[in-house]
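Enquirer: Sequence unavailable; structure follows:
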């Protein structure tokens, strides 16, 4: 299995409000940037969507280390998801996205690692910029509607 590093971050201007996510997929010395957004969303939804869209971009089963500054995403993946599944996501926020995460993560071996946000971590800072830029783009689109 290929070893992939997936850096991801999310942003929302207002919570809820316009939001964006950014992700970097790294295999060896090659990087691929992924970003997108929604007009009305939350920060946690964008944090999780960054990881989902990064995984969705993989073409084959891989060992994936997801690196995120979101304890919600990291603890959700490493600690909480098993029990959430057992209780069919009752009283869990964003069950639609967690179910999508399960679907896209199935072929992969995944470990999530937390990093401190806004602490000079180069890839995390880049993902943050991608997410914030996309959130701003979504906000600008709202102004035109």
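Expert: Ah, there it is. Keep in mind the model is a prediction, meaning the values are calculated, not measured.
Enquirer: Does the lengthiest helix in the chain pack against any helices or strands, and if so which?
Expert: The helix that spans the most residues within the chain, counting by DSSP state H, is helix 122-144. Counting by 3 or more Cβ pairs under 8 Å, 6 or more residues apart in numbering; DSSP states H and E, the packing neighbours recorded for helix 122-144 are strand 2-12, strand 17-27, strand 30-41, helix 43-56, strand 62-68. (C-beta placed from N, C-alpha, C; glycine too.)
Enquirer: for the ones you listed, which one sits closest to residue 93?
Expert: Ranking those by their distance to residue 93 (criterion: Cβ to Cβ) puts helix 43-56 first, at 6.9 Å.
Enquirer: Dump the helices and strands packed on helix 122-144 into TSV; add mean neighbour count and distance to residue 83 as well.
Expert: TSV is the format used below for the helices and strands packed on helix 122-144 (neighbours: other Cβ atoms under 10 Å; distance: least, Cβ to Cβ, whole Å):
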stretch	mean neighbour count	distance to residue 83
strand 2-12	25	23
strand 17-27	24	25
strand 30-41	16	25
helix 43-56	24	17
strand 62-68	21	19
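Enquirer: want to throw these into TSV with distance to residue 128?
Expert: Listed next are the helices and strands packed on helix 122-144 as TSV, based on distance: least, Cβ to Cβ, whole Å:
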stretch	distance to residue 128
strand 2-12	5
strand 17-27	7
strand 30-41	11
helix 43-56	10
strand 62-68	11
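Enquirer: got CSV for the ones you listed, with distance to residue 87 and mean pLDDT too?
Expert: Formatted as CSV, these follow (distance: least, Cβ to Cβ, whole Å; pLDDT from 0 to 100):
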stretch, distance to residue 87, mean pLDDT
strand 2-12, 25, 98
strand 17-27, 27, 98
strand 30-41, 25, 97
helix 43-56, 19, 98
strand 62-68, 24, 98
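Enquirer: Just tell me which of the ones you listed ends up closest to residue 102.
Expert: When the helices and strands packed on helix 122-144 are compared (using Cβ to Cβ), the closest one is helix 43-56, at 9.9 Å.
Enquirer: Please state the offset of the closest one from the chain centre?
Expert: The chain centre lies 3 Å from the centre of helix 43-56; the measure is Cα atoms, centre = their mean, to the nearest Å.
Enquirer: No further questions, thank you.
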